[in-house]
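[1] here you go, sequence then predicted model.
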Amino acid sequence: MAHAARFRASLRHLHGPARRFAAADQVVLIALVRNGAFYLDVFFEHYRRLGVSAFVFFDNGSTDGTLNRIRQEPDTAVLRSAMPWLEYENTFRAYAANRYGRDRWCLFADMDELFDFEGSSTAGLAGLTRYMASQNYTALQAQMLEMFPKGPLAAACGLSYAEAVDAFRYADISAVRAVDYGSKDTGLAYYLRQNRLPPGGAKMLYGGVRGKVFGENCCLSKHPLIFNGPGVQAAVHPHLSAGVRLADMDGLIRHYKFAGDSLARDMQTQAEARSEHGEDRLRYGALQARPDLSLWSDAALQDAGIETLQQRGFLRRTADYSAFLAGGSA
């Protein structure tokens, strides 16, 4: 109760509609942001191309040009709270989803994430959500693919986000570890066991190139797209919602963690205690010790698309959805 009271007292509506403004067939994008001006041009272009037309940002105290940039875009709303990110992250997302996305499809996206899926360039989000609704699915799982350049990470420090997205053409899935969806070994079983799986089940993925290089136990699996209807608990965890019926295929999140000055961001995150798992400390220590550190190796995949990642087992694929796309139903 005290947590909720502090949050309510801190909450401000800064821009755009005060309540739900997306039509019933539109997808509401929900993003937490703090000093995200670096990302916003690419972010808006990418997600509008997918079919998003309603953007809700929850700002945690931006001091750069973030708010001015958002205000230039139509169909945007901004909420703000200055409460600590680490303690209130789930509250921020869940509140935005319930205020603006109740009985709507909600797409959760971090500023350094670009969401993708089979049929994204043809059917778009409208086709994907039609398929999911036709099968009574209320959540899409996606796997996070860390993107990086061929050279040292430090060399990318001066690139714009658009330049970094162009330069970060490589990914490495050689050290990915799969865990049964409901296993206690996920560390998330309390939430995951509240969800219904499709025929064939699903896996949670961990590790990846950041585990390989920095020793991080990254969770790579997320529920970025949900229908926030009856029985669904939106954003109970930074990666998860509960009470959902999981779709029979995976989406993809291309993650650009190392775009821009990632070393400075990790140092700031540590100073502000915005992370509880110590991953920022591991990266910061490694990059300080080896300024020329690169994530590239002979195991790296160049320009890996959805089909390649399906073939390699990183993403689940279903013949039903492929047939839906091929049949023109999308």
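    It's in.

[2] pLDDT below threshold where in this structure?
    For the chain, residues meeting the criterion pLDDT under 70 lie at 262-278, 328-330.

[3] next, name the residue at the spatial heart of it.
    Residue closest to the average C-alpha location in the chain (Cα atoms, centre = their mean): Ala109, at 4.0 Å.

[4] residue contacts, that residue?
    29-31, 43, 47, 115, 224 (Cβ atoms under 8 Å, 6 or more residues apart in numbering). Placement of C-beta: from N, CA and C, glycine included.

[5] mind redoing it with 6 Å?
    Neighbouring residues of Ala109 by Cβ atoms under 6 Å, 6 or more residues apart in numbering: 29, 31, 115.

[6] check Tyr100 too.
    So, once contact is read as Cβ under 6 Å, 6+ apart, Tyr100 ends up touching 20, 28, 56.

[7] what secondary structure does the closest residue to Lys203 other than its chain neighbours sit in?
    Once flanking residues are discounted, Lys203 sits nearest to Ala178: 4.3 Å by Cβ to Cβ, 6 or more residues apart in numbering. Following DSSP: H, G, I helix; E, B strand; the rest coil, the label given to Ala178 is strand.

[8] also Asp64?
    Of the three states, Asp64 takes coil under three-state DSSP.

[9] ok, it touching Asn35?
    Yes: contact criterion Cβ atoms under 6 Å: Asp64 and Asn35 qualify, at 4.7 Å.

[10] and the two? Which one has more around it.
    Shown here are Asp64 and Asn35; by other Cβ atoms under 10 Å, Asn35 has more neighbours (17 against 12).

[11] which element is that one on?
    Assessed by DSSP states H and E, Asn35 sits outside every helix and strand.

[12] just the one 3 residues further on next, same as before
    Following DSSP H and E, the helix or strand that holds Phe38 is helix 37-50.

[13] helix or strand next in line after that helix, which one?
    strand 54-59.

[14] paired strands for that next one, with orientation please.
    Strand 54-59 pairs in its sheet with strand 27-33 (parallel), strand 76-80 (parallel), by DSSP bridges.

[15] then the last one to PDB, C-alphas only?
    Yep, that's strand 76-80 we're talking about. Only the C-alpha atoms of strand 76-80 are listed here, as PDB (Å, rounded to 0.1, in the frame of the first residue of the first chain):
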ATOM      1  CA  THR A  76       1.800  10.100 -28.300                       C
ATOM      2  CA  ALA A  77       1.300  10.400 -24.600                       C
ATOM      3  CA  VAL A  78       3.800  10.800 -21.800                       C
ATOM      4  CA  LEU A  79       3.500  10.000 -18.100                       C
ATOM      5  CA  ARG A  80       6.300  10.700 -15.600                       C
END
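
[16] picking that back up, and the residue nearest to Lys203, how many neighbours?
    When counting by other Cβ under 10 Å, one arrives at 15 neighbours for Ala178.

[17] next one: Asp172
    There are 23 residues near Asp172, going by other Cβ under 10 Å.

[18] likewise His15?
    15.

[19] only whichever of the contacts of Tyr100 are buried, select them in ChimeraX.
    Restricted to buried positions by 16 or more other Cβ atoms under 10 Å, the ChimeraX selection for those reads:
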select :20,28,56
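
[20] dump the strands paired with strand 54-59 to JSON lines, plus distance to Met132.
    Output for the strands paired with strand 54-59, formatted as JSON lines (distance: least, Cβ to Cβ, whole Å):
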{"stretch": "strand 27-33", "distance to Met132": "11"}
{"stretch": "strand 76-80", "distance to Met132": "25"}
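
[21] out of these, deepest packed?
    Of these, the one with the most neighbours on average (mean count of other Cβ atoms under 10 Å) is strand 27-33, at a mean of 25.

[22] which residues sit against that one?
    Counting by Cβ under 6 Å, 6+ apart, 22, 47, 52, 54-59, 66, 92, 96-97, 100-101, 104-109, 111, 125 sit against strand 27-33.

[23] tell me which of the strands paired with strand 54-59 sits nearest to Gly158.
    Taking Cβ to Cβ, strand 27-33 is the member of the strands paired with strand 54-59 nearest to Gly158, at 22.3 Å.
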